[in-house]
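Sequence first, predicted model second:
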Amino acid sequence: MISYIEYLNIPIALGLAIIGVFLIMQIVGEILEFKGKVVPEFIKIRKYFARKKQERQTMREMSATFHDVKTVLNSVESHYSEDNIAKRDAWMKWVNDRAVVYDQSIEVLKEEMDKNTEITMSLYIESKRSSIISFASYCVCPDNPVTREQFKRVFRLYAEYEEIIKDNDLQNGEVDIAIRIIREAYENHLRNGSFVEDVRGY
């Protein structure tokens, strides 16, 4: 150390004084930091070198991060190369073609379901209509035994029939006479007390 001071052409006493002051500053810095005080770097040289070491470490990490980003970008670029774009376009075309086929199949299925619904509704209406007409043909003869429950059932059937006709915008005209006959027969039996339960005393 002394030879180095002599090399710098500095008086030995002055050089030793500078070194002593520097060492005292470092000791004071260590004591202050131990007590939890904030110590400037010029007082504590170890803190300065620690910061420089951290900066070098950060620079190395940034370099590694830049390398990773470059690798990712190269991967993305290769993924979206012309060949991959062509494959993607071909796959999307296949998906669109399948979607068109599925849409057509669904439309055909919907039409078939609509037809089946229409047929089912037609049969349902015809069943109610036939029941009403059949009962009218039966009760038109006053000697045929009937009960109040039979009439009430037919009246409910007719109400359902009318509601279906109205909801589906259909024309009613085939059971008008039949329901008129049924109502007249009901009134006659009610007036004469000739229902089965009246005759048998139920």
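Noted; the coordinates are in hand. All values reported here derive from a predicted model rather than from experimental measurement.

Against Ile164, how distant is Met121?
Separation of Met121 from Ile164 (CB to CB, to the nearest Å): 8 Å. Just so you know, the C-beta spots here come from the backbone N, C-alpha and C atoms, and that holds for glycine as well.

before we move on, what about Asp68?
Note on Asp68: its distance to Ile164, by CB to CB, is 71 Å.

Compare the two (neighbour count), which wins?
The neighbour comparison of Asp68 against Ile164 (other CB atoms under 10 Å) goes to Ile164, with 15 against 9.

and that one, what does it touch?
Met121, Tyr124, Ile125, Lys128, Leu170 (CB atoms under 8 Å, 6 or more residues apart in numbering).

Show the contacting residues for the third one.
Remark: with contacts taken as CB under 8 Å, 6+ apart, Ile125 is in contact with Tyr161, Ile164, Ile165, Leu170.

what's the neighbour count on the third one?
Ile165 has 17 neighbours, counted by other CB under 10 Å.

low-scoring stretches of this protein, by residue?
The model of the chain has pLDDT under 70 over residues 1-52, 72-73, 75-83, 172-173.

max-length helix in it?
Using DSSP state H, we find that the single longest helix of the chain is helix 82-139.

and the next element down the chain from it?
Downstream of helix 82-139, the next assigned helix or strand under DSSP states H and E is helix 148-167.

Sort out which residues of that next one are buried, please.
For helix 148-167, a neighbour-count test (16 or more other CB atoms under 10 Å) marks Gln150, Phe151, Val154, Leu157, Tyr158, Tyr161, Ile165 as buried.

what angle separates it from helix 82-139?
Angle between the axes of helix 148-167 and helix 82-139 is 140 degrees (criterion: axes from the mean of the first three to the mean of the last three CA atoms, to 10 degrees).
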